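> okay, sequence plus prediction incoming.
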There are 2 protein chains.
Amino acid sequence: MKELIKIFKVLSDKNRLRILLMLSRKPLCVCELREVLGITFSTVSKHLSILRDAGFIVSKKEGKWVNYKINFSTTDTYIQQIVMLLSFWLSGDRQIKSDFEKIEFLDRNKICNV
Amino acid sequence: MKELIKIFKVLSDKNRLRILLMLSRKPLCVCELREVLGITFSTVSKHLSILRDAGFIVSKKEGKWVNYKINFSTTDTYIQQIVMLLSFWLSGDRQIKSDFEKIEFLDRNKICNV
DNA sequence: TCCTAATTTCGCTGATTAGCGAAATGAATT
DNA sequence: AATTCATTTCGCTAATCAGCGAAATTAGGA
């Protein structure tokens, strides 16, 4: 039960849900997520570490960037089922749809100069 | 998304999960829930109002007692699916099993004299 | 009607947390 | 080696929330 409560806490935040849904479409780096979410780097980074601690995502340094993606290799049954349910429940959401459109046209070489 | 976030917030609490699981077994009044949870009346009542606001449960005054039960007639698809998933996920949990045993032998005429 | 009992509401406290800006880290490029 | 750039960590603030005890409410029984 303790683990499940932790998972619900992680999911009780709008920006974390948006991050999860975006990453379920394709891997992204911190500055790309920051661009779409409209919050600071430090806050994005904090959300990512919370999602990673809970087992939802994994990170990998590639060249200049740290790419984040959904942890598809998790053995945690809650995580697997919930990621699928979230896609099912939220794929029609206006905000999520808008995020999906934006991540199609991101150019990380342009937006990271802050 | 806003509604889903609210639902996750409601589920991010140990005592609320225990209440939901107990009520999924049988209807109970406030003093019975208080007896099993080991917290004060005011706190139980607060949790129940949060669960009711979110659409998880309904209440009905019957005689001296207010009986609470799962809102099986909800049209909210999140609620229906989540209540089923919770039973599935938590039916093997030690705490939940212990709660299930306790509610079998509750006598509300005895425990309500506080 | 008065009293009792079950429940709810109110005011408070301590703990948690999302947000920010600034400083620190660490790898890649010059 | 020094610099630049992407990211993380730190310290702070404002907001939210679970818990409690006391007071208020409300309905049933004497």
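Received, thanks.

> show me the contacts for the residue nearest in space to the middle of chain A.
Centroid-nearest residue in chain A, with Cα atoms, centre = their mean: A:I19, separated by 2.7 Å. For A:I19, the contact set (Cβ atoms under 8 Å, 6 or more residues apart in numbering or on different chains) comprises A:L33, A:L37, A:V44, A:H47, A:L48, A:L51, A:I57, A:Y68. The way it works is simple: take the backbone N, C-alpha and C, and place the C-beta from them, glycine included.

> again with A:L106
A:L28, A:E32, A:E35, A:V36.

> which element is the third one on?
Looking back up the chat, that one is A:E35. Under the criterion of DSSP states H and E, A:E35 resides in helix A:30-37.

> then that helix to CSV, C-alphas only?
Only the C-alpha atoms of helix A:30-37 are listed here, as CSV (Å, rounded to 0.1, in the frame of the first residue of the first chain):
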residue,chain,number,x,y,z
VAL,A,30,15.1,19.0,-19.9
CYS,A,31,15.1,22.1,-22.0
GLU,A,32,12.5,20.7,-24.4
LEU,A,33,10.2,19.9,-21.5
ARG,A,34,10.8,23.4,-20.0
GLU,A,35,9.9,25.0,-23.3
VAL,A,36,6.5,23.2,-23.4
LEU,A,37,5.6,23.4,-19.7
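
> need the next SSE after it, C-terminal direction.
helix A:41-53.

> can you name every helix or strand that that next one contacts?
helix A:14-25, helix A:30-37, strand A:57-62 (3 or more Cβ pairs under 8 Å, 6 or more residues apart in numbering or on different chains; DSSP states H and E).

> around DNA strand C, pick out the residues from chain A.
A:9, A:12-15, A:39-43, A:46-47, A:50, A:61, A:63-64 (Cβ under 7 Å from any atom of the strand).

> reformat the helices and strands packed on helix A:41-53 as TSV; add distance to DNA strand D.
Listed next are the helices and strands packed on helix A:41-53 as TSV, based on distance: least, Cβ to the nearest atom of the strand, whole Å:
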stretch	distance to DNA strand D
helix A:14-25	12
helix A:30-37	3
strand A:57-62	6
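
> out of those, which is closest to B:M1?
helix A:14-25 (6.3 Å; Cβ to Cβ).

> from the chain's centroid, how far away is the closest one?
4 Å (Cα atoms, centre = their mean, to the nearest Å).

> quick check: closest non-adjacent residue to A:N67.
A:P27 (4.7 Å; Cβ to Cβ, 6 or more residues apart in numbering or on different chains).

> these two touch, right, the one you found and A:K69?
Yes. Assessed by Cβ atoms under 8 Å, A:P27 is found in contact with A:K69 at 3.9 Å.

> quick one: contacts of the least confident helix or strand in chain A by mean pLDDT?
The weakest-scoring helix or strand in chain A, judged by mean pLDDT, DSSP states H and E, is helix A:108-111 (a mean of 86). Residues from elsewhere that reach helix A:108-111 (Cβ under 8 Å, 6+ apart): A:C29, A:C31, A:E32, A:E35, A:W65.
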